[in-house]
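okay, sequence plus prediction incoming.
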Amino acid sequence: MSRHAITLIPGDGIGPEVTDATVRILEAAGQRTGTEFAWEPYEAGADAFAKTGEYIPKALYESVGRTGVALKGPVTTPIGEGFKSINVTLRKQFDLFANVRPIRNLPGLATKYPDVDLVIVRENTEGLYVGLEQEVVPGVCTSLKVITEKGSTRVAKFAFAYAQKHGRKKVHAIHKANIMKLTDGLFLRCARTVAAGYPEIAYAEHIVDNTCMQLVTNPYQYDVMVMENLYGDILSDLCAGFVGGLGLVPGANLGEHAAIFEAVHGSAPDIAGQDKANPTALLQSAVLMLEHLQEAELAGRVEAALERVYAEGRVLTRDVGGQAGTRAFRDAVIAALA
Ligand code: NAI
């Protein structure tokens, strides 16, 4: 019998729907292996502000500080105005410097790109996401891109250690150091220094614009890709397209003392509250969470049930060509646990 305290942030938009589905699947799977979850649920973002006057309630910070692990749905960020991204704030607060996003096809789900298997490692705390913007004079705005030796070195070390641990053969550093010679130049120098300590893992560098073309013509040349924040954000969505879209791709935000597991996708306001969202991306994020919690058997069970539902192809959500709603899909995965 094991028991895990986990901070739960359902988020908004489709967040509560995909979070509810994921929690119920984990509960059902846990009953089979004797694993219990003590969920600590907290709102964040506009909903939390309306109730508590805080976008991220102090109690949420304390909960993550205590549990060290959170499962998080997407939170809407106002565009071009309003409060700072909750997601970026949490990543910075807990120094979750590595954002790991495995991109892999699911069985039975036909896409234009079969058998893709690559991992994006996105630096999660620096770059243009530090949010240091100013209006210099009316009509002129600037945004500071911050790249540090410490931040670049630790994410590069993470990428190589991840490659080594998971039997991966190659790490590509993605950059734009031909134009941003100081910032991306520093990122590359750090990656090269770390690469020298891993002679058994091949190392290569691609410029980010060329990388987009290389990815859509031949994604199979990539294995592990490490990059700064903005490139990682953009390439994650591009790569999600290889395997069936944003409804599928999971993510793990990892730091020394805490980890927050969330999908790549956002709050999808266009389909929120309609029982249309695909919970697969958050469920796969939860599988990464179970692995992080050393619950390999349980992670394997959930993954196998999910793969069975996709291999059968009878109960799938609309984004991947099916007709089922979020709840029907959830129930199919629970049934497949048997
Ligand atoms: P989005 O990822 O929410 O949606 C893009 C498209 O993908 C939409 O057509 C949506 O319906 C579809 N989609 C996304 N997830 C899906 C799922 N699970 N099942 C089926 N279809 C799905 O991106 P968008 O519209 O650019 O952003 C909406 C909001 O989400 C913004 O406020 C943004 O800031 C926020 N956001 C939050 C993130 C987070 O909390 N980690 C990450 C990305 C965006």
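That came in fine, so what should we check first?

quick check, the residue in the chain closest to the ligand?
Gly266 (2.3 Å; C-beta to the nearest ligand atom). In this view, the C-beta of every residue, glycine as well, is placed from N, C-alpha and C.

now do the SS call for the nearest residue to that residue once chain neighbours are set aside.
Of all residues not flanking Gly266 in the chain, Pro74 sits nearest, at 4.8 Å (C-beta to C-beta, 6 or more residues apart in numbering). Following DSSP: H, G, I helix; E, B strand; the rest coil, the label given to Pro74 is coil.

quick one: Pro74 from Asn229, how far?
18 Å (C-beta to C-beta, to the nearest Å).

cool, and Tyr61?
In terms of C-beta to C-beta, Tyr61 sits 22 Å off from Asn229.

again, but for Pro41
Taken as C-beta to C-beta, the span from Pro41 to Asn229 is 28 Å.

same thing with Leu8?
In terms of C-beta to C-beta, Leu8 sits 26 Å off from Asn229.

more neighbours: the two, which one.
Asn229 (24 against 21; other C-beta atoms under 10 Å).

tell me the bridge partners for the nearest residue to the more buried one once chain neighbours are set aside.
Spatial nearest neighbour of Asn229, chain neighbours left out: Gly127 (3.5 Å); criterion: C-beta to C-beta, 6+ apart. Beta-bridge partners recorded for Gly127 (DSSP bridges): Val146.

with Gln134 instead?
Here Gln134 shows beta-bridge partners Thr142, assigned using DSSP bridges.

and the spatially most central residue of the chain, what's its pLDDT?
Nearest to the geometric centre of the chain sits Gly251, at 2.2 Å (C-alpha atoms, centre = their mean). Looking at Gly251, its pLDDT is 98.

before we move on, what about Met1?
Met1 is given a pLDDT of 83.

number the chain from 17, please
From this message on, residue numbering opens at 17, which makes the last subject Met17.

ok, the residue nearest to it when sequence neighbours are not counted to Ala354 distance?
Closest residue in space to Met17, ignoring its immediate chain neighbours: Gly50 at 4.6 Å, by C-beta to C-beta, 6+ apart. In this view, Gly50 and Ala354 are 16 Å apart by C-beta to C-beta.

ok, Tyr238 touching Leu231?
Yes. In this structure Tyr238 lies within contact range of Leu231 using C-beta atoms under 8 Å: 7.0 Å.

count the neighbours of Val318 for me.
Using other C-beta under 10 Å: Val318 sits among 24 other residues.

hmm, I typed the wrong one, I wanted Gly337.
By other C-beta under 10 Å, the residues close to Gly337 number 11.

phi first, then psi, for it.
When quoted as degrees, to the nearest 10, the phi and psi of Gly337 stand at phi 90, psi 0.

just checking, what packs against the one helix or strand Thr35 maps to?
Per DSSP states H and E, Thr35 falls inside helix 31-49. For helix 31-49, the contact count by 3 or more C-beta pairs under 8 Å, 6 or more residues apart in numbering; DSSP states H and E identifies strand 18-25, strand 51-57, strand 85-88, helix 296-308, helix 312-328, helix 342-352 as packing neighbours.

and these as TSV, adding distance to Asp335?
Formatted as TSV, the helices and strands packed on helix 31-49 follow (distance: least, C-beta to C-beta, whole Å):
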stretch	distance to Asp335
strand 18-25	23
strand 51-57	26
strand 85-88	20
helix 296-308	9
helix 312-328	13
helix 342-352	11
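
distance check, the closest residue to Ile72 other than its chain neighbours against Asp133.
Leaving aside its chain neighbours, Ile72 sits nearest to Ala60 (5.3 Å; criterion: C-beta to C-beta, 6+ apart). Taking C-beta to C-beta as the measure, Ala60 falls 33 Å from Asp133.

give me the more crowded residue out of those two.
It is Ala60, of Ala60 and Asp133, that has more neighbours when counted by other C-beta under 10 Å, with 25 against 15.

is that one in a helix, a strand, or coil?
Per three-state DSSP, the local secondary structure of Ala60 is coil.

wait, it sits on Gly31?
No. The pair Ala60 / Gly31 is not scored as a contact, 9.5 Å apart, by C-beta under 8 Å.

pull up the overlap in contacts between those two.
Jointly contacting Ala60 and Gly31 under the rule C-beta atoms under 8 Å, 6 or more residues apart in numbering are Ile25, Val91.

now the closest residue to Asn269 other than its chain neighbours: which helix or strand?
Excluding its sequence neighbours, the residue lying closest to Asn269 (C-beta to C-beta, 6+ apart) is Leu112, at 3.8 Å. For Leu112, there is no helix or strand it lies in under DSSP H and E.

run a quick neighbour tally on Leu112.
22.

my guess is the residue nearest to the centre of the chain contacts Arg117. True?
Yes. Between Gly267 and Arg117 there is a contact under C-beta under 8 Å: 4.7 Å.

residue numbers of the stretch 167-316 of the chain in contact with the ligand?
Residues of the stretch 167-316 of the chain lying near the ligand by C-beta under 6 Å from any ligand atom: 262-263, 278, 281-287, 293-294, 297.

what subset of those residues is buried?
Among those, those classed as buried by 16 or more other C-beta atoms under 10 Å are Leu262, Gly263, Glu278, His281, Gly282, Ser283, Ala284, Ile287, Ala293, Asn294, Ala297.
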